[in-house]
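Peer 1: Dropping the sequence and predicted coords here.
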Amino acid sequence: MAKEMSAINIQIDSETKNEATTILNNLGLSMSTAINIFLKQVIKNDGLPFEVKNPKPNRRLRKAIKEAERIANDPNHKGYKDMEELKKALLSDD
């Protein structure tokens, strides 16, 4: 006996749809097949089949960002116009 089918109508921006369609076609999959695979994985995993999180910078990156902001806002900090100038400063005995 054939399974009863249901339709899903979703709204998505054209660029995302076109990019995804190209990738799926290269994999030999239709959009419908890919969405069916996704939904079966949701059922199998009892949730999303991948991690969804709001990435936040770790402590080391937050510290580096603060230091970069301090340097950028320090009027007494000498900057370098190119790599050669920086190399000279690093190699000098001053």
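Peer 2: Arrived safely, thanks for sending. None of these values were measured; they are calculated from a predicted model. Numbering: from 1, shown residues only.
Peer 1: Every contact and neighbour count from this point should use C-alpha atoms.
Peer 2: Noted.
Peer 1: and stretch 18-31, what's its mean pLDDT?
Peer 2: The pLDDT scores in stretch 18-31 average 97.
Peer 1: Now Pro75: which helix or strand?
Peer 2: Assigned by DSSP states H and E, Pro75 belongs to neither a helix nor a strand.
Peer 1: what's the neighbour count on it?
Peer 2: Other residues within reach of Pro75, judged by other Cα atoms under 10 Å, total 9.
Peer 1: With Val42 instead?
Peer 2: Counted with other Cα under 10 Å, Val42 comes out at 14.
Peer 1: if I read this right, it contacts Pro49, doesn't it?
Peer 2: Yes. Val42 is within contact range of Pro49, at 5.8 Å (criterion: Cα atoms under 8 Å).
Peer 1: what does stretch 47-59 rub up against?
Peer 2: Phe38, Gln41, Val42 (Cα atoms under 8 Å, 6 or more residues apart in numbering).
Peer 1: again, only this time at 7 Å
Peer 2: Defining contact as Cα atoms under 7 Å, 6 or more residues apart in numbering, one finds that stretch 47-59 is touched by Gln41, Val42.
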